[in-house]
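1. Have a look at this prediction, sequence included:
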Amino acid sequence: MIVAITKFQLPSPITPAEAQQMFLSTAPTYQGVQGLFRKHYILWEDRKTVGGIYLWNSRAEAEASYTECWKAFVRDKYGAEPSVTYFDSPVLVDNIAGEIISDE
């Protein structure tokens, strides 16, 4: 499994309610994406930095999502250059499902 964290700076701070509305505007586009298990939208304490924490099946599937087209969308919509950082995640504890999941 791969965890990807995206991050970018907004031009000015937003409230949590504004962040929620902004995030809801793009959330449907992530439903049914090949290899994506889960996405968490995140808002930093400075209220200007936003992004996402994604859990992917593989690095290839993650990289297939963060294309130049995706980066252009972020630049056009938010006026910011996004960054993506990848992490290997060999073990996941899922307390909702009551499971420990490990790469095999």
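-> Perfect, thanks for sending it. Note that the coordinates shown come from a computational prediction; the quantities given were computed from them, not determined experimentally.

2. Centre-most residue in the chain?
-> Closest residue to the average C-alpha location of the chain: Gly52 at 2.7 Å, with CA atoms, centre = their mean.

3. okay, now Glu61: neighbour count?
-> 16 (other CB atoms under 10 Å). Heads up, the C-betas are built off the backbone N, CA and C, glycines and all.

4. Dump the strand or helix carrying Arg75 to CSV, restricted to CA.
-> When elements are assigned from DSSP states H and E, Arg75 belongs to helix 68-78. The C-alpha coordinates for helix 68-78 follow below in CSV (Å, rounded to 0.1, in the frame of the first residue of the first chain):
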residue,chain,number,x,y,z
GLU,A,68,0.0,17.2,-15.3
CYS,A,69,-3.8,17.6,-15.9
TRP,A,70,-4.4,17.2,-12.2
LYS,A,71,-1.7,19.7,-11.4
ALA,A,72,-3.2,22.2,-13.9
PHE,A,73,-6.6,21.7,-12.3
VAL,A,74,-5.2,22.6,-8.9
ARG,A,75,-3.4,25.6,-10.3
ASP,A,76,-6.5,26.8,-12.1
LYS,A,77,-8.9,26.2,-9.3
TYR,A,78,-6.8,27.3,-6.3
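
5. in the helix or strand just after that helix, what counts as buried?
-> As assigned by DSSP H and E, the chain's next helix or strand after helix 68-78 is strand 83-88. Of all the residues in strand 83-88, those buried under the rule 16 or more other CB atoms under 10 Å are Val84.

6. now strand 83-88 and helix 68-78, what's the angle there?
-> 130 degrees (axes from the mean of the first three to the mean of the last three CA atoms, to 10 degrees).

7. Adjacent strands (with direction) for strand 83-88?
-> If you go by DSSP bridges, strand 83-88 pairs up with strand 2-9 (antiparallel).

8. Just the residues contacting the helix or strand just after the partner strand, thanks.
-> Going down the chain from strand 2-9, the next helix or strand is helix 16-26, by DSSP H and E. Here helix 16-26 makes contact (CB atoms under 8 Å, 6 or more residues apart in numbering) with 14, 41, 43, 47, 50.

9. Please apply the same query to stretch 61-69.
-> Against stretch 61-69 from outside (CB under 8 Å, 6+ apart): 2, 4, 6, 33-36, 54, 56, 82, 84, 86.

10. Much appreciated, bye for now.
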